[in-house]
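Enquirer: Coordinates for the following, if possible.
(2 chains)
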Amino acid sequence: MKVELEADKCVASGQCVVAAMDVFDQDDDGIAILLTEQIGDDQLDDVKEAVAVCPAAAIRLVQA
Amino acid sequence: MRRIAVVGASAAGLSAAETLRREGYDGTITLVGEEPEPPYDRPPLSKQVLAAEWERDRLALRTSADLAALDLDLRLGVAATGLELVSRTVELGDGSEVPYDGLIVATGVRPRRLPGEGAHVLRTLDDALTLRERLRPGQRLVVVGAGFLGAEAAAVAWRLGAEVTVLEPAAVPLAHAVGAEVGRMLAQVHVDRGIDLRCGVTVTEVTEDGVRLAGGEEIEAHEVLVAIGSLPNTEWLEGSGLTVGDGLVCDQYCEAAKNVYAAGDVARWYNPLFGASMRIEHRTNAAEQGMAAARNLLAAEGARKPFAPVPYFWSDQYDMKIQAYGFLRGHDEVAVLEGDLAQRRFVVGYRTGDRVSGALAVGMPPKAIRRWRQAIATGAAWHETVRTGAPAAEV
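Expert: As a prediction, this is how the structure comes out:
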């Protein structure tokens, strides 16, 4: 699976980092950044959690 | 369980419905929403939408394809009007009934209002679009209430060139929530911009020309926005046998009765992390609690998990972002942990008993505050975490 992030929607809550810190980080303004676009099966649950808790609905999972 | 009703189609209800599917539930999900819109996001209403930077299409919480994939029995534009616990039936405003095996209540809150006609409130997309049509340079706007919503709207209106007066009953805005010193600092940001902020002022009614104060004085305005807090939408539960008391009362699992759960702004539940009953009107809590309620509804006996989150909220005002973790209410002490209030770059910590119960940051890099989130999540002792003797001046 592939992760898509709409950075201009991001509200810098950092919830994605809490949910999946191998996949997300934040820049100095708090805006989320992707550490990797392609994710493995072992990361899938964490990223689904990040999609669900993102308060800006800025993260999507798509078929690679 | 073959029929689950989720009442409320905003962030919490949507999150619950999605989680049911993610957990493998393949029965019927009836999602009931009072507003005609598919689930949309509310925080931008007082920010980008009011500022006319975003249009309604950017607010959709999910694409129509994502919604369709959930295979919902979607009932939009109709409110729940009653609940029959024994026969397990939700009654809707159009006269129809929704039978269920499991129920998730996510009916949210509505704005408190003042006597008199013609004032704006800010809760729905329509509210935001109506207000923004009236915000023009030179328009005189009175905002009643200097909480986070009122402050955000005032900031946007100011940027659009309106003349803004904010009327607040407390001596210091938000003092009960964030402490007097932080409240004063946040208020000063508005005063510096030229907002006419008047504290200790009680508004009794909205009039044709503006608002009337408790002393009888009238303040003229073209538009009035009332932002004095919210009331949980629980009227439809009256007489159902569920316990209502400033929200639908739930246990630590978000359960209100057998197979009945609640999530989001309407839910008053016991958060074991803080040992307190709370009702949280934050965007992130809606999503997290919707997930928790859905999982617990599906869980086998003994497999349910207490819902013990660290609450989080943010607020955007002018170029300032305020972020807070934890449960700040009822704190015993506030201390500056990093930075400086006067420079508007800081993290302050909140002590309740001997634990770090909250942290609030302005203008700090995200890692600075995430560290404190961790301290709150683990229930760290204040005297061990906040170094005594360090320049953590009491405020």
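Enquirer: Can you list the low-confidence ranges for chain A?
Expert: Of all residues in chain A, none has pLDDT under 70.
Enquirer: Look at stretch B:147-167 and report the distance between its end residues.
Expert: End-to-end distance for stretch B:147-167: 10 Å, by CA to CA, to the nearest Å.
Enquirer: Mind checking the pLDDT average for it?
Expert: Averaging pLDDT along stretch B:147-167 gives 97.
Enquirer: so who does A:L34 touch?
Expert: By CB atoms under 8 Å, 6 or more residues apart in numbering or on different chains, the contact list for A:L34 reads A:3, A:5, A:23-24. C-beta here means a position set from N, CA and C on the backbone, and glycine is covered the same way.
Enquirer: Helices of chain A, start to end?
Expert: A:15-19, A:41-53 (DSSP state H).
Enquirer: mind listing what's buried in the last one?
Expert: Spelled out, that is helix A:41-53. Neighbour counts over helix A:41-53 (16 or more other CB atoms under 10 Å in any protein chain shown) mark A:43, A:46-53 as buried.
Enquirer: any idea how far A:I59 is from B:A377?
Expert: 22 Å (CB to CB, to the nearest Å).
Enquirer: Doesn't B:G290 lie inside a strand?
Expert: No: with DSSP: H, G, I helix; E, B strand; the rest coil as the criterion, B:G290 is assigned helix and is not in a strand.
Enquirer: Quickly list the domain ranges of chain B.
Expert: Following automatic domain parsing, chain B resolves into domains at B:3-110+B:231-298, B:113-226, B:319-385.
Enquirer: Pull up the distance across the shortest one, start to finish.
Expert: Spelled out, it's domain B:319-385. From its first residue to its last, domain B:319-385 covers 31 Å (CA to CA).
Enquirer: Find the residue at the geometric middle of chain B.
Expert: Centroid check for chain B by CA atoms, centre = their mean gives B:E281 as the closest residue, at 2.6 Å.
Enquirer: right, and that residue touches B:P111 too?
Expert: No: assessed by CB atoms under 8 Å, B:E281 is found out of contact with B:P111, at 11.2 Å.
Enquirer: any chance of the helices of chain A in TSV, with distance to B:E91 too?
Expert: Formatted as TSV, these follow (distance: least, CB to CB, whole Å):
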stretch	distance to B:E91
helix A:15-19	36
helix A:41-53	30
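Enquirer: Export these as a markdown table, with columns for distance to chain B.
Expert: Listed next are the helices of chain A as a markdown table, based on distance: least, CB to the nearest CB, whole Å:
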| stretch | distance to chain B |
| --- | --- |
| helix A:15-19 | 6 |
| helix A:41-53 | 5 |
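Enquirer: Among these, which comes closest to B:M364?
Expert: B:M364 lies closest to helix A:15-19 among these, at 15.2 Å (CB to CB).
Enquirer: Who are the packing partners of the closest one?
Expert: When contacts are defined as 3 or more CB pairs under 8 Å, 6 or more residues apart in numbering or on different chains; DSSP states H and E, helix A:15-19 packs onto strand A:24-26, helix A:41-53, helix B:366-377.
Enquirer: Residues in contact with the helix or strand hosting B:G349: which ones?
Expert: Taking DSSP states H and E as the criterion, B:G349 maps to strand B:345-352. Residues from elsewhere that reach strand B:345-352 (CB under 8 Å, 6+ apart): B:179, B:182, B:274, B:326-328, B:330-341, B:356-364, B:368-369, B:372, B:382, B:386, B:392, B:395.
Enquirer: switch the cut-off to 7 Å
Expert: With contacts defined as CB atoms under 7 Å, 6 or more residues apart in numbering or on different chains, strand B:345-352 is touched by B:182, B:326, B:328, B:330-340, B:356-364, B:368-369, B:372, B:382, B:386.
Enquirer: rewinding a little: list just the one of the helices of chain A that sits closest to B:V224.
Expert: Within the helices of chain A, the stretch nearest B:V224 is helix A:15-19; the backing value is 34.8 Å (CB to CB).
Enquirer: List the buried residues for the closest one?
Expert: Buried residues in helix A:15-19, defined by neighbour count with 16+ other CB under 10 Å: A:15-19.
Enquirer: Export only the CA atoms of that helix, formatted as PDB.
Expert: Output in PDB follows, covering the C-alpha atoms of helix A:15-19 (Å, rounded to 0.1, in the frame of the first residue of the first chain):
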ATOM      1  CA  GLN A  15      -1.400  12.700  15.800                       C
ATOM      2  CA  CYS A  16       0.000  10.700  12.800                       C
ATOM      3  CA  VAL A  17       3.500  10.600  14.400                       C
ATOM      4  CA  VAL A  18       2.000   9.300  17.600                       C
ATOM      5  CA  ALA A  19       0.200   6.600  15.700                       C
END
